[in-house]
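[1] Let's see this in three dimensions:
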Amino acid sequence: MTWFARKMRQEIWDEAIEGPLGDIDAAARIRAICDAAAPSAAGSGRGDKRDSERYERAAKVAMEIAMKISDDLMRDDAVRRIVDLCMTAGDLKTAQILFRAIHASWIRETVQRDHPTLA
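    Residues are numbered from 1 along each chain as shown. Have a look, this model is predicted:
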């Protein structure tokens, strides 16, 4: 009765990446990861251990992909999305580190406006 067997749901951040990603594809993947991990980040902020593990895996993969983006503005926007994810999870330490990596002044100002505790 294998048709009753549950298949483990594979998360977007656990999917293998086929070949090198271009900057646009990498930014889109980070956006998808952050959108998919947002509920887990909220659960992590409430202290849910399972959600915390999911959030940490998603954030780690998103950061690894962001490091490979060569275009400065695209990388800054991707890092902004990861900062938003970290702040949703209440991970202030990681968010502050990532905030310092943003170079575009208008993106920094937006993040400071959205999350004044980072400044």
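[2] next SSE after the helix ranked longest in the chain?
    Across the chain, the longest stretch assigned as helix under DSSP state H is helix 23-45. Counting by DSSP states H and E, the next helix or strand C-terminal to helix 23-45 is helix 49-67.
[3] So for that next one, what gets flagged as buried?
    Residues of helix 49-67 classed as buried: 51-52, 54-59, 61-63, 65-66 (neighbour count, 16 or more other CB atoms under 10 Å). Quick note: C-beta positions are derived from backbone N, CA and C, even for glycine.
[4] Any chance of TSV for the residues you listed, columns distance to Pro20 and pLDDT?
    Shown next, in TSV, are those (distance: CB to CB, whole Å; pLDDT from 0 to 100):
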residue	distance to Pro20	pLDDT
Asp51	31	89
Ser52	31	91
Arg54	26	92
Tyr55	26	94
Glu56	25	93
Arg57	22	93
Ala58	21	94
Ala59	22	95
Val61	16	93
Ala62	17	95
Met63	17	95
Ile65	11	93
Ala66	15	94
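[5] how about the residues you listed in a markdown table, adding distance to His115?
    As requested, those are arranged in a markdown table below (distance: CB to CB, whole Å):
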| residue | distance to His115 |
| --- | --- |
| Asp51 | 20 |
| Ser52 | 20 |
| Arg54 | 22 |
| Tyr55 | 17 |
| Glu56 | 19 |
| Arg57 | 22 |
| Ala58 | 19 |
| Ala59 | 15 |
| Val61 | 22 |
| Ala62 | 17 |
| Met63 | 17 |
| Ile65 | 22 |
| Ala66 | 18 |
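[6] which of those residues lies closest to Arg81?
    Proximity of the buried residues of helix 49-67 to Arg81 (CB to CB) peaks at Ala62, which lies at 7.7 Å.
[7] Tell me where the model's unsure across this structure.
    Scanning the chain for pLDDT under 70 picks out the ranges 1-9, 14, 16, 19.
[8] Ile102 touches Arg80, doesn't it?
    Yes - between Ile102 and Arg80 there is a contact under CB atoms under 8 Å: 6.4 Å.
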